[in-house]
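Participant: Predicted model follows, preceded by the sequence.
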Amino acid sequence: STMDKLHHSGSCRVAPKIMSLESLKEITDNFSEERKLGSGAFGKVYK
């Protein structure tokens, strides 16, 4: 994957955070439209 390539090349200095679905639901108010900042090729972005 792209992340693997970046990690092995040394270009990636910060590892992605792994979070549970329950944590994400809580943080985003169950993925509510009010918390959505936008969307793009990689999916939706929430605050």
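Facilitator: That came in fine, so what should we check first? Residues are numbered from 1 along each chain as shown.

Participant: residues contacting Arg35?
Facilitator: Thr28, Asp29, Tyr46, Lys47 (C-beta atoms under 8 Å, 6 or more residues apart in numbering). C-beta coordinates here come from the backbone N, C-alpha and C atoms, glycine included.

Participant: So for stretch 40-47, what gets flagged as buried?
Facilitator: For stretch 40-47, the buried set under the neighbour-count rule, 16 or more other C-beta atoms under 10 Å, comprises Tyr46.

Participant: End to end on it, go ahead and measure it.
Facilitator: In stretch 40-47, first residue to last residue: 15 Å (C-alpha to C-alpha, to the nearest Å).

Participant: Not counting it itself, show me its contacts.
Facilitator: Outside stretch 40-47, the residues touching it (C-beta under 8 Å, 6+ apart) are Ile27, Thr28, Phe31, Arg35, Lys36, Leu37, Gly38, Ser39.

Participant: Just the buried ones from those residues?
Facilitator: If we count by 16+ other C-beta under 10 Å, the contacts of stretch 40-47 have nothing buried.

Participant: can I get those in TSV with pLDDT, secondary structure and distance to Lys17?
Facilitator: Shown next, in TSV, are the contacts of stretch 40-47 (pLDDT from 0 to 100; DSSP: H, G, I helix; E, B strand; the rest coil; distance: C-beta to C-beta, whole Å):
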residue	pLDDT	secondary structure	distance to Lys17
Ile27	94	helix	11
Thr28	94	coil	14
Phe31	95	coil	17
Arg35	95	helix	17
Lys36	95	strand	19
Leu37	95	strand	17
Gly38	95	strand	20
Ser39	94	strand	20
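
Participant: sorry, back to before: and of the contacts of Arg35, the nearest to Ala15?
Facilitator: Comparing these against Ala15 with C-beta to C-beta places Tyr46 closest, at 20.3 Å.
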